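[1] Need coordinates for the below:
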Amino acid sequence: MYAYRKCMPKLNKHLDDKWVKHCQHLHRQRLKQMKPAIDNKPPPKYVHLVQNLKKQQMDEERYSQIERDNYLLLDKMSYIMTHPQLLDEKYMGPPVTYGKSLNKEYRKRELMRITEENLQILRRIQHKEPHYSHLEWEEQARRDDEYLRNCSEYPVVLPAIRQSRSFNRSSFSRGEEGPSLVQPTPAPLQVRIKGGARSTGPTGSQAAAQASAEEGEEGGAAAAA
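    Modelled structure (predicted):
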């Protein structure tokens, strides 16, 4: 403590130590009482920013005006309900009468005529016979099937169209699947139509070659036996 002050002249070292301690005490007090150079406190709150007094005043005036209007309206309604209204010719004058239309009867007759014509058209539409006959269609289909069977040498195999026609259309509206068509069976190799020159199948040379091959196979089988 005294090393840095040995070279300094002094009369009494005890008084000097006491003076140094006093200076240090004053320094500590000044440090404790020192104020910050930066103001970090929250800003002050102003009343005009928190409460809009002008808006509150306008709302109060508006509410008072509404209450006054409601009171006047209620007063008028109560007066009307408690006092009978004298609405006679003395105060209101004679009732106003309007003239009748000159063509009222004509328009009435025209409306009746149009209604009658519409009813006649409706009756004609309801009693009109259909132009197409489903009975004739079925008879024609039956004749076509008969002609097809007469001109065919082998049995006719066609898809089951009649089953699909007889299928109830309501099932399609319910989302059900319709009946599947019957797949036709394969026809024989040679199909001939009466009265026609068209034929399908192997030609004459192919048939002869096939027959000779079959005879050769049978002869070989007999020799082996």
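
[2] for the chain, longest helix please?
    Assignment by DSSP state H gives helix 53-82 as the longest helix of the chain.

[3] what is the rounded mean pLDDT of it?
    Over the span of helix 53-82, the pLDDT mean works out to 93.

[4] With stretch 16-34 instead?
    In the prediction, stretch 16-34 has an average pLDDT of 92.

[5] As PDB, could you dump the C-alpha coordinates of that stretch?
    Presented in PDB, the C-alpha positions along stretch 16-34 are these (Å, rounded to 0.1, in the frame of the first residue of the first chain):
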ATOM      1  CA  ASP A  16      -2.000  10.500   5.200                       C
ATOM      2  CA  ASP A  17      -3.600   7.000   5.500                       C
ATOM      3  CA  LYS A  18      -6.700   8.500   7.000                       C
ATOM      4  CA  TRP A  19      -7.000  11.000   4.100                       C
ATOM      5  CA  VAL A  20      -6.600   8.300   1.500                       C
ATOM      6  CA  LYS A  21      -9.300   6.200   3.100                       C
ATOM      7  CA  HIS A  22     -11.600   9.300   3.100                       C
ATOM      8  CA  CYS A  23     -11.000   9.800  -0.600                       C
ATOM      9  CA  GLN A  24     -11.800   6.200  -1.400                       C
ATOM     10  CA  HIS A  25     -15.000   6.400   0.600                       C
ATOM     11  CA  LEU A  26     -16.100   9.500  -1.300                       C
ATOM     12  CA  HIS A  27     -15.300   7.700  -4.600                       C
ATOM     13  CA  ARG A  28     -17.400   4.700  -3.700                       C
ATOM     14  CA  GLN A  29     -20.300   7.000  -2.800                       C
ATOM     15  CA  ARG A  30     -20.100   8.800  -6.100                       C
ATOM     16  CA  LEU A  31     -20.100   5.400  -7.900                       C
ATOM     17  CA  LYS A  32     -23.200   4.300  -6.100                       C
ATOM     18  CA  GLN A  33     -25.000   7.600  -6.900                       C
ATOM     19  CA  MET A  34     -23.900   7.800 -10.500                       C
END
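
[6] how about it: buried residues?
    The neighbour-count check on stretch 16-34 (16 or more other Cβ atoms under 10 Å) flags nothing as buried. The C-beta positions use only the backbone N, C-alpha and C, and glycine is treated the same way.

[7] Count the neighbours of S152 for me.
    13 (other Cβ atoms under 10 Å).

[8] got the phi/psi numbers for it?
    phi -100, psi 140 (degrees, to the nearest 10).

[9] Could I get the pLDDT score of it?
    For S152, the predicted pLDDT is 85.

[10] same for the longest helix of the chain, what does it pack against?
    Helices and strands touching helix 53-82, by 3 or more Cβ pairs under 8 Å, 6 or more residues apart in numbering; DSSP states H and E: there are none.

[11] can you pull out the helices in the chain?
    With DSSP H as the criterion, the chain has helices spanning 13-32, 47-50, 53-82, 89-92, 104-126, 134-150, 161-166, 170-173, 204-224.
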